[in-house]
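**Q** Generate a structure from the sequence data that follows.
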Amino acid sequence: MALKDYRTALVTGASSGIGAATVRLLAARGIAVHALARRRERLEALAGEGDITVHAVDIRDRSKIYQTLGAFDIDILVNSAGIGSRFDPFHELDPDNIDATLETNVLGTVHAVRAAVPGMVARGRGHIVNIGSIFGLHAIGTSVYGASKGAVHILSQDLRHDLKGTGIRVTEVSPGRTETEIFATMTDDLALQDAMAVGFSILTAEDVAEAVVWALDQPWRVNVSLIELTATEQIPGGVDIHPVAGSE
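**A** Numbers count the residues shown, from 1 in each chain. The predicted structure follows:
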């Protein structure tokens, strides 16, 4: 079941970053893509780049997710919607930021999968790709974001057990530092945002999208379970984003 055997895809978080890059790449490969995100004006900019239908839906709106995903057949689901919890120390985090991070990264992903999977099972065909993070695989910092992406990792692994025998494949792509808007959701400190993107060449959104499409394009007998993708000079756990207490 390579990419040529699929017809339709739905990508969440499609208005920017990895989601938008994935929409463009899938559309260029002849897939009819449903692009879902909150920001309609960003989505509409994608609409003229191929067979792309846009849906201005917040991934946290559970009823809208089930209504939208239940309205058409989906061969490929790419869960790219996500936000970063703040870089503030855990004991200083705003509870609203904690909820937004978990609702978007965990509940949004879980409900998108739950909405899409019944149709895939009925057709005996489908591929779920969850965008995780090296924060979900390694202890790096930002506990809430790490916990949310750790949940995506275990969800992806357990889905393979739950969906055994259905013909549905499950892939997790866990990138390291990537040039997207996520830094802006993690801190208002512009200097820190800039620092996250300098020092070495970080991944681009297109790099991650290429990994997604590569996993989708494998023959049916191959399930790419996990791709850990980092910049050449980034070693997980090797960069401390927080100042050391008492340092100058």
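**Q** if I pick the most centrally placed residue in the chain, what's in contact with it?
**A** The centre of the chain sits closest to residue 80, judged by C-alpha atoms, centre = their mean, with a distance of 2.5 Å. Going by C-beta atoms under 8 Å, 6 or more residues apart in numbering, residue 80 touches 11-14, 17-19, 22, 131. Where you see a C-beta, it was placed from the backbone N, CA and C, and this is true even at glycine.
**Q** run the last query once more with 7 Å
**A** 11-14, 18-19, 22, 131 (C-beta atoms under 7 Å, 6 or more residues apart in numbering).
**Q** what's the next secondary structure element after whatever helix or strand residue 35 lives in?
**A** Element membership of residue 35, judged by DSSP states H and E, is strand 32-37. Next helix or strand after strand 32-37 toward the C-terminus (DSSP H and E): helix 40-46.
**Q** partner strands of the very next helix or strand once past that following helix, parallel or antiparallel?
**A** Sequence order places strand 52-56 as the next helix or strand after helix 40-46, per DSSP H and E. Paired neighbours of strand 52-56 in the sheet (DSSP bridges): strand 32-37 (parallel).
**Q** Double-check residue 115 against residue 66; I have them as touching.
**A** Yes - counting by C-beta atoms under 7 Å, residue 115 touches residue 66, with 4.7 Å between them.
**Q** more neighbours, those two?
**A** residue 115 (20 against 15; other C-beta atoms under 10 Å).
**Q** Following the chain past the lengthiest strand in the chain, name the next helix or strand.
**A** Determined from DSSP state E, the single longest strand within the chain is strand 168-175. Downstream of strand 168-175, the first helix or strand assigned by DSSP H and E is strand 178-179.
**Q** The nearest residue to residue 36 once chain neighbours are set aside: neighbour count?
**A** Excluding its sequence neighbours, the residue lying closest to residue 36 (C-beta to C-beta, 6 or more residues apart in numbering) is residue 55, at 4.4 Å. Using other C-beta under 10 Å, the number of residues around residue 55 comes to 19.
**Q** Tell me if I'm right that residue 55 and residue 34 touch.
**A** Yes - contact status for residue 55 versus residue 34: in contact at 6.1 Å, counting by C-beta under 7 Å.
**Q** Output the below-cut-off pLDDT ranges for the protein.
**A** 1, 86-87, 180-200, 237-248 (pLDDT under 70).
**Q** Note down every partner strand of the host helix or strand of residue 78 and its orientation.
**A** Secondary structure assigned from DSSP H and E places residue 78 in strand 76-79. Sheet pairing here is set by DSSP bridges, and for strand 76-79 it gives strand 8-12 (parallel), strand 126-131 (parallel).
**Q** And the contacts of residue 80, which is closest to residue 167?
**A** residue 11 (21.2 Å; C-beta to C-beta).
**Q** Just list the residues touching that closest one, thanks.
**A** Applying C-beta under 7 Å, 6+ apart, the residues near residue 11 are 19, 22-23, 33, 35-36, 78, 80.
**Q** which non-adjacent residue is nearest it?
**A** Closest residue to residue 11 apart from its sequence neighbours, by C-beta to C-beta, 6+ apart: residue 78 at 4.4 Å.
**Q** Show the contacting residues for the one you found.
**A** 9, 11, 22, 129, 212.
**Q** Residue 205 too?
**A** Contacts of residue 205 (C-beta under 7 Å, 6+ apart): 17-18, 21, 178-180.
**Q** most surrounded residue in the residues you listed?
**A** Neighbour-wise, the contacts of residue 205 (other C-beta under 10 Å) top out at residue 18, 30 neighbours.
**Q** thought it was touching residue 206?
**A** No - taking contacts as C-beta under 7 Å, residue 18 lies outside contact range of residue 206: 8.8 Å.
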